[in-house]
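[1] predicted coordinates and the sequence they were generated for:
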Amino acid sequence: ADSLTLQDIASRFFLDKYYLSRLFIRATGINIHNYILSRRVFRAKELLRSGRSITEACQMSGFVNYSTFIRAFKAHVGMLPREYQKQ
């Protein structure tokens with residue numbers, strides 16, 4: 001849920017961020033930003049299923065901006081968090 005950048009990750013492993021990015025894409029087929037975003041949306045879905053509010057799910061899954069959360073959630077899930085929560 002914390003702020004996480006490519007530079008933060010690269011620093012933890014003592015790697016250049018561009019090199020780490022290439023390695024990650026080669027190993028997974030997607031870039032680190034999209035991976036982190038998809039993991040945050042997955043976490044938000046879990047939180048919504050457990051009864052948390054949309055605002056709580058947004059904050060607890062690491063999104064700083066509510067509108068960014070709504071857009072990312074809709075792009076990954078195909079529906080708004082409120083619609084997902086009602087299912």
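    It's in.

[2] Arg40 against Thr68, yeah?
    No: at 10.1 Å, Arg40 does not count as touching Thr68 under the criterion of C-beta atoms under 8 Å. In this view, the C-beta of every residue, glycine as well, is placed from N, C-alpha and C.

[3] contacts for the host helix or strand of Ala72, please.
    According to DSSP states H and E, Ala72 maps onto helix 66-77. For helix 66-77, the surrounding residues in contact (C-beta atoms under 8 Å, 6 or more residues apart in numbering) are 37-38, 40-41, 44-45, 55, 57-58, 61, 63, 80-81, 84.

[4] most neighbours out of these, which is it?
    The residue in the contacts of helix 66-77 with the most neighbours, by other C-beta atoms under 10 Å, is Ala44 (27 neighbours).

[5] helix, strand, or coil at it?
    Under the three-state scheme (DSSP: H, G, I helix; E, B strand; the rest coil), Ala44 adopts helix.

[6] pLDDT score assigned to it?
    pLDDT, Ala44: 97.

[7] can you tell me how far it is from Gly29?
    For Ala44, the distance to Gly29 equals 23 Å [C-beta to C-beta, to the nearest Å].

[8] with Ala75 instead?
    18 Å.

[9] right, and Leu6 touches Leu20 too?
    Yes: in this structure Leu6 lies within contact range of Leu20 using C-beta under 8 Å: 7.0 Å.

[10] rewinding a little: would you mark the buried spots in the helix holding Ala72?
    Phe69, Ile70, Ala72, Phe73, His76, Val77 (16 or more other C-beta atoms under 10 Å).

[11] most remote residue from the middle of this structure, which is it?
    Farthest-out residue of the chain from its mean C-alpha position, per C-alpha atoms, centre = their mean: Phe14, at 23.3 Å.

[12] which SS class is that one?
    Three-state call for Phe14 (three-state DSSP): coil.
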